[in-house]
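> Here's my sequence, what's the structure:
(one chain, ligands or ions: 1)
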Amino acid sequence: MSIKHLNTRNQVFYRYKISLEWSMPQKIEIKPAEGKLGVLLPGLGAVSTTFIAGVMRIRKGLSKPYGSVSQMQTIRLGGRDEKRYPLIKDFVPLANLKDIEFAAWDIFEDNAYEAAIKAGVLDKKDLEDVRKEMDKIKPMKAVFDRNFVKNLDGTHVKSGTKWDLAEQVREDIRKFRKEKKLARIVTVWCGSTEVHTERKRVHETIESFEKGLRENSEHISPSMIYAYASIMEGVPYANGAPHLTTDIPALEELAIRKGVPISGKDFKTGQTLLKTVIAPGLKARMLGVKGWFSTNILGNRDGLVLDDPGSFRSKEISKKSALEFIFQPEIYPDLYKNAYHKVRINYYPPKGDDKEGWDNIDIFGWLGYPMQIKVNFLCKDSILAAPIVLDLALFMDLAQRAGFKGIQEWLSFYYKAPMHSPEVYPEHDLFIQHTKLKNTLRRMMGEEFITHLGLKYYGVKE
Ligand SMILES: NC(=O)c1ccc[n+]([C@@H]2O[C@H](COP(=O)([O-])OP(=O)(O)OC[C@H]3O[C@@H](n4cnc5c(N)ncnc54)[C@H](O)[C@@H]3O)[C@@H](O)[C@H]2O)c1
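Predicted coordinates for the structure are as follows:
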C-alpha cells in the first residue's frame, strides 16, 4: 500500500517513522578485515604498476597516499559542535595496506618493475626502493583476443576454448589464494580498453553465458572471462575501463547469486573528473551551456590502444555520458537542450603518460550574454588513477564483508560511466557521488546522515 492511501494522521506518523529510520540507521554487521587481502590485476601496465609501487612505498613510510580518500580523508560524524572527524580508514574496518598482496595477468612477460620502467610514470629512483618486491610480481598468462584490442599483440597468453580459459583463470585465483594464504581477494581491471560492443542474447542469462563460453561465442570478451572467473570464485570485480564487462544481465545475476559486489566503469581521473566538478557548479548557478569541446593528447600504451576507433568508441561513450546526466536538458531545455558536446583523444607519443586535456566551454548567463571558460589540465594519468585502484580494492572488500552484493552504486564517485540499477539514471555529479559514498559509510556504521539542516541556528526549537 502506498503512503497516499493512509489517513493524514497515519501519514504524519509514517513519515516521522521513515525519517527516524533514515536519520538513525542501524549498524550493519561487517566481518572484520582479518588476514591478508589479495589484489588481482588483469593488466600490468602504467596504472597497475603505479598503484603497486605506490602502495609498497607508502607502507615503507617513503611516500604519502595523496589522492586516496580511504587513506587521507576524514568523515564528519554528528553535528559540527561534536567535533568528530575520524579518518575514514579509522572509522570503517578497512584492510591494512600492510596486509595487501598483489598478482596480475598480462600479455607481456615483464615483471612489475620492468613494466613500471617501460610505462615511465614513476622515477627510476622511486622504483629502486621497492624493486626487490616488484621484481617478484611476474604476470600470469593472459586471456587475450586481438578482436577486442586491435593495436596490441602479445605472446604471454593462455589457449583453449573460452570455457577452458575461464577454468584456467579460476585456477590462477585459487593458486594465488593458497600460495599467499589470503583471507580475501578483489579483482580490479587495469587492462587495455576493449572495443565497443553491445549486449547480445548470449549475455542475457547465466545459462546462455555459460553455453556461450563452451561454444566460444564471439561476443564474450576476455574481460568478461576474468569477471566470470572472479565472481565464480567469490571475488569482487571492479572495472577500470569503459568496455562492456559485468554490465550484462548474466554477470549481474551471477554476482547477486554468489554474494559478490561488482562496480564500474572507467576510472574517473583527468578531464572527466574536472567536467563533473565544473558542470554541477554551472548548473547550480543556472548558467547555460552552448557547447563543450574536449580534446586530449597522450602518448602512453593506453593512448596507442585508444587510437583504434573501436576502443576509442568505448571511451567516447563513457566520457560523453557525464554532461547529459548532470545538465538534465529535459528538465532545463532553455539552458542545456542544444549544448553541443564533442570529445577527442589523440595519440601523441612524445607526451607519454603526461596527458594534456583542453576544454573549451561556451556558456551564457543573464539575458543570454555569452562567456567562455578554458581549461588546460596537464595531468599524469596514472598518478590520478592509482589511488582510485587502491580505494576501490579496499571499499569493494569492505562491501563484501558488509554483505553487499551486485552493483555498488555508492562507488560511482570513482567512475566515468557508473553502473546503476536499470530503474534509475546514473549519478555523475561528483558532489552527490561524494555524499553518497560517505553516507553509505555512515549507514554501514550506524551513524546519522549529515543533512546540513540544523534549524537551531535560526532560533527554531528542534
Ligand atoms: N590512467 C587513467 O587515468 C585511466 C583512466 C580511466 C581508465 N583507464 C583505463 O585503465 C586501463 C589501464 O590503463 P593504463 O594506462 O595502465 O594502460 P596500459 O596500456 O599501460 O596497461 C594496460 C595493460 O593491459 C595489458 N592487457 C591488455 N589486454 C589484456 C588482457 N586481455 N589481459 C591481461 N592484460 C592485458 C596490456 O598489455 C598492458 O600492459 C585502460 O583500459 C585505460 O583506458 C585509465
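
> tell me which element Ile185 falls in.
Assessed by DSSP states H and E, Ile185 sits inside strand 182-189.

> got it, and Gln372?
Counting by DSSP H and E, Gln372 is part of strand 370-380.

> Could you list the contact residues of the stretch 51-200 of the chain toward the ligand?
Counting by Cβ under 6 Å from any ligand atom, the residues of the stretch 51-200 of the chain close to the ligand are 105-108, 119, 142-144, 149, 152, 154, 190-193. C-beta: built from backbone N, CA, C; applies to glycine.

> Out of the residues you listed, which two sit at the greatest distance?
Ala119 and Val143 (21.4 Å; Cβ to Cβ).

> Now do the contacts for the residue nearest to Ser192 when sequence neighbours are not counted.
What sits nearest to Ser192 in space, not counting adjacent residues and going by Cβ to Cβ, 6 or more residues apart in numbering, is Val305, at 4.4 Å. Contact analysis of Val305 by Cβ atoms under 8 Å, 6 or more residues apart in numbering lists Val149, Asn151, Leu152, Ser192, Thr193, Ser311.

> Tell me the backbone dihedrals of Val305, please.
phi -60, psi -40 (degrees, to the nearest 10).

> same check, this time on the one 3 residues further on
In this entry, Asp308 is assigned phi and psi values of phi -80, psi 130 (degrees, to the nearest 10).

> For the residue nearest to Pro370 when sequence neighbours are not counted, grab the count of nearby residues.
Distances taken as Cβ to Cβ, 6+ apart put Phe364 closest to Pro370, at 5.1 Å, once the chain neighbours are dropped. Number of residues near Phe364 (other Cβ atoms under 10 Å) recorded here: 14.

> quick one: Phe364 and Asp429, what's the gap?
Separation of Phe364 from Asp429 (Cβ to Cβ, to the nearest Å): 21 Å.

> what's the answer for Leu40, then?
For Leu40, the distance to Asp429 equals 31 Å [Cβ to Cβ].

> Between these two, which has more neighbouring residues?
Remark: of Leu40 and Asp429, Leu40 carries more neighbours, 29 against 20, as counted by other Cβ under 10 Å.

> was I right about that one contacting Ala227?
No - under the criterion of Cβ atoms under 8 Å, Leu40 makes no contact with Ala227, lying 11.3 Å away.

> Overlap in contacts, those two.
Common neighbours of Leu40 and Ala227 (Cβ under 8 Å, 6+ apart) are Thr187.

> coming back round to it: more crowded one of Ala119 and Val143?
Val143 (27 against 23).

> Tell me which residue in the protein sits closest to the ligand.
As assessed by Cβ to the nearest ligand atom, the ligand sits closest to Gly45 within the chain, at 1.8 Å.

> Looking at that residue now. What's its pLDDT?
Listed pLDDT for Gly45 reads 96.

> Ramachandran angles for it?
Torsion angles at Gly45 (phi, psi; degrees, to the nearest 10) stand at phi -110, psi -140.

> Run a quick neighbour tally on it.
26.

> my read: it touches Arg301, true?
Yes - under the criterion of Cβ under 8 Å, Gly45 makes contact with Arg301 at 5.7 Å.

> contacting residues around stretch 421-428?
Residues outside stretch 421-428 that contact it (Cβ under 8 Å, 6+ apart) are 276, 321-323, 325-326, 407, 409, 412, 417-420, 433, 436.

> Farthest pair within those?
Of all the pairs that the contacts of stretch 421-428 form, the one spanning the most space (Cβ to Cβ) is Leu323 and Ile407, at 22.3 Å.

> what's the spacing between stretch 40-50 and its chain's center?
Its chain's C-alpha centre and that of stretch 40-50 lie 14 Å apart, by Cα atoms, centre = their mean, to the nearest Å.

> what helix or strand is the closest residue to Gly54 other than its chain neighbours on?
Spatial nearest neighbour of Gly54, chain neighbours left out: Ala386 (5.0 Å); criterion: Cβ to Cβ, 6+ apart. Applying DSSP H and E as the criterion places Ala386 in helix 381-401.

> where's the dip in pLDDT among the contacts of stretch 421-428?
The lowest pLDDT within those belongs to Ser321, with 79.

> Surely that one and Tyr415 touch.
No - contact criterion Cβ under 8 Å: Ser321 and Tyr415 do not qualify, at 10.4 Å.

> Might you enumerate the residues of the stretch 251-400 of the chain proximal to the ligand?
By Cβ under 6 Å from any ligand atom, the part of the stretch 251-400 of the chain that sits against the ligand consists of Asp266, Phe267, Thr269, Gly270, Asn300, Arg301, Asp302, Val305, Asp381, Ser382, Leu384, Ala385.

> tell me the contacts of the last one?
When you say that, I think you mean Ala385. Counting by Cβ under 8 Å, 6+ apart, Ala385 has contacts Val47, Thr50, Phe51, Gly240, Phe267, Thr269.

> Out of the residues you listed, who's the most crowded?
Val47 leads the contacts of Ala385 on contacts (other Cβ under 10 Å) with 31 neighbours.

> residues touching that one, list them.
Contacts for Val47 (Cβ under 8 Å, 6+ apart) come out as Cys190, Gly240, Phe267, Asp381, Ser382, Ala385, Ala386, Val389.

> Closest to Lys337 out of those?
Phe267 (30.2 Å).

> pLDDT at the closest one, what is it?
96.

> List the residues that contact it.
Val47, Gly240, Leu384, Ala385, Ile388, Val389, Tyr414, Tyr415, Lys416.

> Which of the three states applies to Phe176?
helix (DSSP: H, G, I helix; E, B strand; the rest coil).

> could you pull out the strands for the stretch 151-300 of the chain?
Using DSSP state E, counting those that start in this stretch, the strands of the stretch 151-300 of the chain run over 182-189, 237-239, 261-263, 288-298.

> so Val149 touches Ser192, yeah?
Yes - contact criterion Cβ under 8 Å: Val149 and Ser192 qualify, at 4.8 Å.

> shared neighbours of the two, which are they?
Val305, Ser311.

> what's the spacing between the closest residue to Glu198 other than its chain neighbours and Ile383?
Spatial nearest neighbour of Glu198, chain neighbours left out: Leu244 (7.5 Å); criterion: Cβ to Cβ, 6+ apart. With distances taken as Cβ to Cβ, Leu244 is found 27 Å from Ile383.

> Could you check which helix or strand contains Glu114?
Assigned by DSSP H and E, Glu114 belongs to helix 112-119.

> Give me the angle between that helix and helix 381-401.
If you take axes from the mean of the first three to the mean of the last three Cα atoms, to 10 degrees, helix 112-119 sits at 140 degrees to helix 381-401.

> ok so, going back, list the helices and strands the helix or strand following the helix holding Ala386 packs on?
The helix or strand immediately downstream of helix 381-401 is strand 406-407, counting by DSSP H and E. With contacts taken as 3 or more Cβ pairs under 8 Å, 6 or more residues apart in numbering; DSSP states H and E, strand 406-407 sits against helix 249-258, strand 261-263.

> now for the helix or strand that strand 406-407 is followed by, which elements pack on it?
Using DSSP H and E, the helix or strand that directly follows strand 406-407 along the chain is helix 430-444. In terms of contacts (3+ Cβ pairs under 8 Å, 6+ apart), helix 430-444 is packed against helix 271-284.
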